[in-house]
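# just coords:
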DNA sequence: GCCGACGGTGAGCGAGCGCTTAGCGCGGCG
DNA sequence: CGCCGCGCTAAGCGCTCGCTCACCGTCGGC
């Protein structure tokens, strides 16, 4: 009863940048626990137990429980931003880039739902400085999507009266996937990504 | 430093069905605290303090902290379902009814954001039986929206390849308003409701 | 004008929290 | 082969949590 993270395999093995091995095991255990029960309802004893270690082992690799959340949130936001940047900067029309951005962003939120849940819903548990850092990353996320929408409007591909409001709605739609998506449900991450890309193209008048 | 609930006045004064007065004050205090910090991070001492009472007073009106959450969640879901039912059963085309449902549902999530946040995001903190009861209400919420979409498809007003998936997306979009909406931000609940109604009509091919 | 009932308080219980510290086992180097 | 240092554990500290209990003020009925 240990490995449970490789369910929704996809892009490059996650958390590989976290070393040494014991620190990564603790972090993966924390992601699962935070996603299941929430940050405040998760105990350091639970995290250490899932990683097969004693409670004290956690504090060799992390100063506090909050530092664990901060690291998870930081790495997760970096990954999400990387996904959107890749889609935004590829070749193609604004329509193609927006569909790509939405489908890959949604695939990540569905396929790596545990991580996404922690990243998107536990922001308030961070202290002021860590929180401010993450909010900066979120502004960059917003800017990437808004950029594609603006390109589409400028090129005459899209019909969008309220660019900022529509950008907000598109991101909101994608992010909420982490709340409702069920791994045992009838839909695959890929299917939801495709459906959502179509819906978003309709929202910007390019369906 | 007591009253802080009548900020986003709108439909009939909420929580009026909760009596006696002390029980209502405790419940309103709990809604604010749960929305700000989350259920698990809120202490019974904080709730009682916000209501101007001693910690022990809470247990005269509620058996446990979880009973408070259950009552809030139950009343909130009833209200949300009532809003959707009213829109779904009025006279008019499916397009008009869907726009009405989305705009009023969104207005509630934005205007009564503290309540909506607790209702939509603290479900997992409930025990199994209470949770099952609330999930039943959520299925009714889904059925109301799906009904309007099906009507629109049958009447030839909408073009929707995946009715269930689109219904899910519409509800998801509305619910996530409770996560990002900021009372001090640039948008009023009414403006967001109008924008979202337009976006949803585009999603169903009736924009 | 006394009395019971009810809504409320002050103090505190057992438990579990985040985190610390003293010490142990083991692998690499001289 | 002996010893040092690093990764880890067992035990537990101080604190706060949800919740309880003995008691008290006020107010309507006789």
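Ah, there it is. Just so it is clear, the model here is predicted, and its values are computed rather than measured.
# close enough to count as contact, residue A:97 and residue A:88?
Yes. The criterion here is Cβ atoms under 8 Å, and residue A:97 meets it with residue A:88 at 6.0 Å. C-beta: built from backbone N, CA, C; applies to glycine.
# any shared contact partners between those two?
residue A:148 (Cβ atoms under 8 Å, 6 or more residues apart in numbering or on different chains).
# thought residue A:174 was touching residue A:106?
Yes. Using Cβ under 8 Å, residue A:174 is in contact with residue A:106, at 5.2 Å.
# neighbour count winner among those two?
residue A:174 (31 against 26; other Cβ atoms under 10 Å in any protein chain shown).
# just to revisit the earlier point, overlap in contacts, residue A:174 and residue A:106.
residue A:196.
# not counting sequence-adjacent ones, nearest residue to residue A:56?
Nearest non-adjacent residue to residue A:56, counting by Cβ to Cβ, 6 or more residues apart in numbering or on different chains: residue A:48, 7.8 Å away.
# tell me the mean pLDDT over the strand or helix carrying that neighbour?
Using DSSP states H and E, residue A:48 maps to helix A:44-50. The pLDDT scores in helix A:44-50 average 96.
# following the chain onward from that helix, which element is next?
Next along from helix A:44-50, by DSSP H and E: helix A:58-61.
# that next one and DNA strand C, are they touching?
Yes. Applying Cβ under 7 Å from any atom of the strand, one finds helix A:58-61 in contact with DNA strand C at residue A:59.
# mind listing what residue A:113 touches?
A:8, A:35, A:177-178, A:181, A:183.
# just put the residues you listed in CSV and tack on distance to residue B:72 and neighbour count.
What follows is the contacts of residue A:113, written out as CSV (distance: Cβ to Cβ, whole Å; neighbours: other Cβ atoms under 10 Å in any protein chain shown):
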residue, distance to residue B:72, neighbour count
A:8, 33, 16
A:35, 24, 22
A:177, 26, 26
A:178, 23, 22
A:181, 25, 20
A:183, 29, 13
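# near chain B too, which of those residues?
Applying Cβ under 8 Å from any Cβ of the partner chain to the contacts of residue A:113, one finds that residue A:177 fall near chain B.
# can you tell me which two in the contacts of residue A:113 are farthest apart?
Checking the contacts of residue A:113 against each other with Cβ to Cβ, the farthest-apart pair comes out as A:35 and A:177, at 13.7 Å.
# give the buried residues for stretch A:129-147.
For stretch A:129-147, the neighbour count (16 or more other Cβ atoms under 10 Å in any protein chain shown) marks A:130, A:134, A:137, A:141-142, A:144-147 as buried.
# turn those residues into CSV, including pLDDT.
Below are the buried residues of stretch A:129-147 laid out as CSV (pLDDT from 0 to 100):
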residue, pLDDT
A:130, 95
A:134, 97
A:137, 97
A:141, 97
A:142, 97
A:144, 97
A:145, 98
A:146, 98
A:147, 98
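# which ones among the residues you listed are found in helices?
Those of the buried residues of stretch A:129-147 mapping onto helices are A:130, A:134, A:137, A:141-142, A:144-147, per DSSP state H.
# tell me the secondary structure for the residue of chain A most remote from its centre?
What lies farthest from the middle of chain A is residue A:156; by Cα atoms, centre = their mean that is 30.6 Å. Judged by DSSP: H, G, I helix; E, B strand; the rest coil, the three-state class of residue A:156 is coil.
# what residues are up against it?
Residues counted as contacts of residue A:156 (Cβ under 8 Å, 6+ apart): none.
# quick check, pLDDT for it.
For residue A:156, the model assigns a pLDDT of 96.
# next, it: phi, psi?
In terms of degrees, to the nearest 10, the main-chain angles of residue A:156 are phi 80, psi 10.
# and chain A, which of its residues are near DNA strand C?
So far as Cβ under 7 Å from any atom of the strand goes, chain A lies against DNA strand C at A:42-46, A:55-56, A:59, A:63-66.
# hmm, try it at 6 Å
A:43-45, A:55-56, A:59, A:64-65 (Cβ under 6 Å from any atom of the strand).
# so the closest residue to residue A:137 other than its chain neighbours versus residue B:63, what's the distance?
Leaving aside its chain neighbours, residue A:137 sits nearest to residue A:77 (4.2 Å; criterion: Cβ to Cβ, 6+ apart). Residue A:77 sits 41 Å away from residue B:63, going by Cβ to Cβ, to the nearest Å.
# got the domain ranges for chain A?
Split into domains by automatic domain parsing, chain A comes to A:21-61, A:66-203.
# contacting residues for residue A:206?
Counting by Cβ under 8 Å, 6+ apart, residue A:206 has contacts A:94-95, A:98, A:152, A:157-159.
# by neighbours, which of these wins?
Most surrounded of the contacts of residue A:206: other Cβ under 10 Å gives residue A:98, at 27 neighbours.
# which strands or helices does the strand or helix carrying it pack on?
Using DSSP H and E, residue A:98 sits in helix A:94-111. Applying 3 or more Cβ pairs under 8 Å, 6 or more residues apart in numbering or on different chains; DSSP states H and E, one finds that helix A:94-111 contacts helix A:65-88, helix A:113-121, helix A:128-154, helix A:163-175, helix A:177-180, helix A:189-203.
# which one, of those, ends up nearest to residue B:82?
Across those, closest to residue B:82 is helix A:177-180 (Cβ to Cβ), at 22.1 Å.
# tell me the centre residue of chain A?
In chain A, the residue lying closest to the centroid (Cα atoms, centre = their mean) is residue A:116, at 3.9 Å.
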